[in-house]
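[1] I would like to see how this sequence folds:
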Amino acid sequence: MKIIAYYLPQFHTFPENDKWWGEGFTEWTNVRQAKPLFKGHNQPRIPLGGNYYDLTDENVLIWQAKLARKYGVYGFCYYHYWFDGHMLMQKPMELMLKNKKVDLPFCICWANENWTKAWADYSKEILISQTYKNRDDWKRHFEYLLQFFEDERYIFLDGKPVLVIYRPDLIPTLKEMLEYWRELAKQHGFAGITYM
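    Model (predicted):
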């Protein structure tokens, strides 16, 4: 058995978060604002040494990979946000891809939901919507993912890159899209794709 930890790449600033939540917002903002909900609930939690790291610092990515290995984590599963070619929070994963010193196996989880304000104020307001368009969009998406699949650190099962889809039930054309991606994977020399 191998432990693969989900990796939320929201610990850095990016323009959409500045627009939607205020300048300088990161997940650390939420951590700092946490309140105790019951007696003995130790909140807010301060990271060890006050290390409110920034995931656009490649030294942080290297440190995290070393820390994961030290404590028995086999790999990271990076959350990936794709909205018809518009991406959010992709920079940490792209930095990791370019830096081989981030020495840890990885795979990708496509977090395929609309972004809303629900987690903050229970609003149904959609900030950016998820659509699944057509084969042209599916191909562009696959071609973006391909650079990761081709990396020697990418996690494979039975000769196929592992791709997790967070909410497959939301994809009306799921079967057609997955079959198309399998075809494209085979065209690029893989045995297919392992979906989870």
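[2] what does the helix or strand encompassing residue 162 contact?
    Following DSSP states H and E, one finds residue 162 within strand 160-165. Outside strand 160-165, the residues that touch it by Cβ atoms under 8 Å, 6 or more residues apart in numbering are 77, 107-110, 112, 145, 148-149, 154-156, 171, 181, 185, 190-196. In short, each C-beta sits where N, CA and C put it, glycine included.
[3] can you rerun that using 6 Å?
    107-110, 149, 154-155, 190-196 (Cβ atoms under 6 Å, 6 or more residues apart in numbering).
[4] so among the residues you listed, which ones count as buried?
    107, 108, 109, 110, 149, 154, 155, 190, 192, 193, 194, 195 (16 or more other Cβ atoms under 10 Å).
[5] pick the one among those residues closest to residue 140.
    Using Cβ to Cβ, residue 110 comes nearest to residue 140 of the buried ones among the contacts of strand 160-165, at 13.5 Å.
[6] sorry, back to before: now the strand holding residue 162: buried residues?
    Under the neighbour-count criterion of 16+ other Cβ under 10 Å, strand 160-165 has 160, 161, 162, 163, 164, 165 buried.
[7] quick one: the fifth one from residue 42, how far?
    Separation of residue 164 from residue 42 (Cβ to Cβ, to the nearest Å) stands at 31 Å.
[8] coming back round to it: take the contacts of strand 160-165 and keep only those in strands.
    Among those, DSSP state E puts 107, 108, 109, 110, 194, 195 in strands.
[9] which residues does the fourth one contact?
    With contacts defined as Cβ under 6 Å, 6+ apart, the neighbours of residue 110 are 80, 165.
[10] okay, and the beta partners of it?
    residue 80, residue 165 (DSSP bridges).
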